[in-house]
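Enquirer: mind looking at a prediction? Sequence and model below.
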Amino acid sequence: MKVKLNGVKPEIWRSFVVDSSLSLEDLHHVLQVVMGWDNSHLYIFEINGMEFGVPSDDDFTDVEAAKKVTLAKLGLQEKDKFGYTYDFGDDWEHTIKVEKILPGENPHGSPFCIEGARNCPPEDCGSIPGYEDIVEAMKNKKSKEAKEFIEWLGEPYDPEYFDIEGINKRLKSIKPKKK
């Protein structure tokens, strides 16, 4: 699969391998790790006109429980695309594409990131405009704006940073359910 964060240039994206026995809830956790999010907010998948997430009595639409649906049950095919929105305040919209369906079991035993580019925006930064403000401020780390962001984030933000080894280490904790 490949996930890209919509509306950000240059693109922030990841290619990764998952087992079809993963639930959409597990896929959410994979996306949190590969993208670099902190899993601090709600999410929703939009697939074939249906919404999957964490159902609530407050929902205005029918949301199916993501933990009850596996990737295999969705019948996705190569080149199929679907949406994933994380954090309904900042509304980080992602597009996920099924790039290839491999026969047999995942040789890595757990989800595995193949490649990607660029650093995920910081949580709660104010969506794309806030992210762009941080990137612009970090061009001059001695500026007042950069110092304020560094104080808030705890360290300078590097938009080009991508740590595939760290991602794959964290992904090892996400295992497909045995059938």
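Expert: That came through, no problem.
Enquirer: alpha carbons only for contacts and neighbour counts from here, please
Expert: Fine.
Enquirer: nearest spatial neighbour of Arg170, chain-adjacent residues omitted?
Expert: Distance criterion C-alpha to C-alpha, 6 or more residues apart in numbering; nearest residue to Arg170, sequence neighbours excluded, is Val33 at 6.9 Å.
Enquirer: buried ones in whatever helix or strand the one you found lives in?
Expert: According to DSSP states H and E, Val33 maps onto helix 24-35. Within helix 24-35, the residues that qualify as buried by neighbour count (16 or more other C-alpha atoms under 10 Å) are 24-35.
Enquirer: got phi/psi on the closest residue to His28 other than its chain neighbours?
Expert: In this structure, His28 finds its nearest non-sequential neighbour in Tyr43, 7.8 Å apart by C-alpha to C-alpha, 6+ apart. Note on Tyr43: backbone dihedrals following degrees, to the nearest 10 are phi -150, psi 170.
Enquirer: okay, now Tyr43: neighbour count?
Expert: Residues near Tyr43, counting by other C-alpha atoms under 10 Å, number 20.
Enquirer: next one: the one 4 residues further on
Expert: By the criterion of other C-alpha under 10 Å, Ile47 has 15 neighbours.
Enquirer: and the helices in this structure?
Expert: 24-35, 71-74, 127-137, 144-153, 164-171 (DSSP state H).
Enquirer: of the ones you listed, which stretch is the most buried?
Expert: helix 24-35 (a mean of 22; mean count of other C-alpha atoms under 10 Å).
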